[in-house]
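Trainee: the sequence isn't on hand, but the structure is:
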């Protein structure tokens, strides 16, 4: 990770993110969002985030470990998050279960 | 200025019922955010700090651990202001992926903001471009959710609606930046026993789980997560995009099926 790479990321992701945010507020103001695109965008958070998360849970430093402590903690956080609809409750559960299992030597 | 033809159709909840005052003729003078709305927005944003502060602190520590300097961490958080995408792009770079793939990954994570942009535009008919340009900077999950909840509940003039949004945006973004700073200063001082290596997946999980509602969402999320694991061998980022695309297709197919069954 070089300094040039880091600053390219900062400016590049910053610019792209701003353009996405400005899209219908500014660039396309007053245009209809096509129904199909609208439905597809509705599924973006529930597909992109799980696709990022599961490999992160299963892999450690690029190696597939499927560590029981990480899997159990992730499952507990997922269930609490779905049941309570609270981000902080889910985060606290996942971290709490993970640290507890680690403390007991798992 | 927003042309009056073709109001963007809206999403989530019941945003289709366009704000009554949005249908009023556009005033000749450009609408500016009101101070009253701004103060209301500041107050309304306080409960959201509960979600913003821990995430910001974790992001700050992780960025510094990954090798970002304090200045780089702060520039990143101030310029991008979108935590999940910042983490996702950072992890691509940390694993040795090319910077363009890191940007692409972050952009994919932020695509949902196009949906937010369209939903807000409905309530901002008549707002001047002068205010739309800075407003877009604050368009993250919290500012969107808190503002939309207010718009659905109260029928206020455009100036108050704009003010409210800016109040929420300025307040949550400032707290996000300060929380990141706190995390970056604590930095690598945190001991391993705090489980920081699990903090990134735990954060993503915590953001995602509350969003998963209904069969179509479950099907989309499960497809995407499993495919992402199977495709983990593909070059950085491609597995993510292919998995998400397949998940979206499955979600739309399941939603279509459910709609067809219940007239």
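Mentor: Looks like it came in fine. Nothing here was measured: the structure is a model prediction, and the numbers come from that model. Numbers count the residues shown, from 1 in each chain, chains lettered A, B, ... in the order given.

Trainee: so is stretch A:33-49 next to chain B?
Mentor: Yes. Applying Cβ under 8 Å from any Cβ of the partner chain, one finds that stretch A:33-49 is in contact with chain B at A:33, A:35, A:38-49. For the C-beta atoms, the positions are set from N, CA and C on the backbone; glycine is no exception.

Trainee: gap between the closest residue to chain B within chain A and residue A:95?
Mentor: Closest contact between chain A and chain B, by Cβ to the nearest Cβ, is at residue A:81 (2.4 Å). From residue A:81 over to residue A:95 the distance is 12 Å, taken as Cβ to Cβ, to the nearest Å.

Trainee: likewise residue B:119?
Mentor: Counting by Cβ to Cβ, the gap from residue B:119 to residue A:95 is 32 Å.

Trainee: burial of the residue of chain A closest to chain B, as a residue count?
Mentor: Counted by other Cβ atoms under 10 Å in any protein chain shown, the residues lying close to residue A:81 total 25.

Trainee: any idea which helix or strand carries it?
Mentor: Using DSSP states H and E, residue A:81 falls within helix A:68-84.

Trainee: tell me what the particular helix or strand that has residue B:207 in it is packed against?
Mentor: Assignment of secondary structure by DSSP H and E places residue B:207 within helix B:199-208. Identification of packing neighbours for helix B:199-208 by 3 or more Cβ pairs under 8 Å, 6 or more residues apart in numbering or on different chains; DSSP states H and E yields helix A:44-58, helix A:68-84, helix A:87-103, helix B:49-66, helix B:83-94.

Trainee: can you mark which positions in the longest one are buried?
Mentor: The neighbour-count check on helix B:49-66 (16 or more other Cβ atoms under 10 Å in any protein chain shown) flags B:49, B:51-66 as buried.

Trainee: just those residues that are near chain A?
Mentor: Restricting these to those near chain A by Cβ under 8 Å from any Cβ leaves B:51, B:54, B:55, B:66.

Trainee: tell me which residue in the stretch 101-250 of chain B sits closest to chain A.
Mentor: residue B:209 (2.4 Å).

Trainee: mind checking how far the residue nearest to that residue when sequence neighbours are not counted is from residue B:207?
Mentor: In space, and not counting its chain neighbours, residue B:209 is closest to residue A:81: 2.4 Å by Cβ to Cβ, 6 or more residues apart in numbering or on different chains. Between residue A:81 and residue B:207 the computed distance is 9 Å (Cβ to Cβ).

Trainee: check residue B:126 too.
Mentor: Using Cβ to Cβ, one gets 33 Å for the distance from residue B:126 to residue B:207.

Trainee: residue B:39 now?
Mentor: 29 Å.

Trainee: could you do residue B:92 as well?
Mentor: 18 Å.

Trainee: contacting residues around residue B:37?
Mentor: The contact partners of residue B:37, taken as Cβ atoms under 8 Å, 6 or more residues apart in numbering or on different chains, are B:156, B:159, B:160, B:161, B:162, B:163, B:164, B:165, B:166, B:167.

Trainee: repeat that with 10 Å
Mentor: By Cβ atoms under 10 Å, 6 or more residues apart in numbering or on different chains, the contact list for residue B:37 reads B:150, B:156-168.

Trainee: quick one, which of those residues has the minimum pLDDT?
Mentor: Of all the contacts of residue B:37, residue B:150 has the smallest pLDDT value, namely 88.

Trainee: what helices and strands are in contact with the helix or strand of chain A with the lowest mean pLDDT?
Mentor: Ranking every helix and strand in chain A by mean pLDDT, DSSP states H and E puts helix A:35-42 at the bottom, with a mean of 83. Other helices and strands packing on helix A:35-42, by 3 or more Cβ pairs under 10 Å, 6 or more residues apart in numbering or on different chains; DSSP states H and E, are helix B:112-123, helix B:214-230, helix B:238-261.

Trainee: contacting residues around that helix?
Mentor: For helix A:35-42, the surrounding residues in contact (Cβ under 10 Å, 6+ apart) are A:32-34, A:47, B:8-12, B:111-116, B:118-119, B:216-217, B:220, B:245, B:248-249, B:251-252, B:255-256.

Trainee: any stretches of chain A with poor pLDDT?
Mentor: Applying pLDDT under 70 to chain A flags the ranges A:30.

Trainee: and the closest residue to residue B:137 other than its chain neighbours, what element?
Mentor: Distance criterion Cβ to Cβ, 6+ apart; nearest residue to residue B:137, sequence neighbours excluded, is residue A:18 at 6.7 Å. Following DSSP H and E, the helix or strand that holds residue A:18 is helix A:3-22.

Trainee: same thing with residue B:132?
Mentor: Under the criterion DSSP H and E, the helix or strand holding residue B:132 is helix B:129-137.

Trainee: tell me what the helix ranked longest in chain B is packed against?
Mentor: Taking DSSP state H as the criterion, chain B has its longest helix at helix B:158-186. The elements that helix B:158-186 packs onto, with contact taken as 3+ Cβ pairs under 10 Å, 6+ apart, are helix B:35-44, helix B:49-66, helix B:70-80, helix B:83-94, helix B:112-123, helix B:129-137, helix B:141-153.
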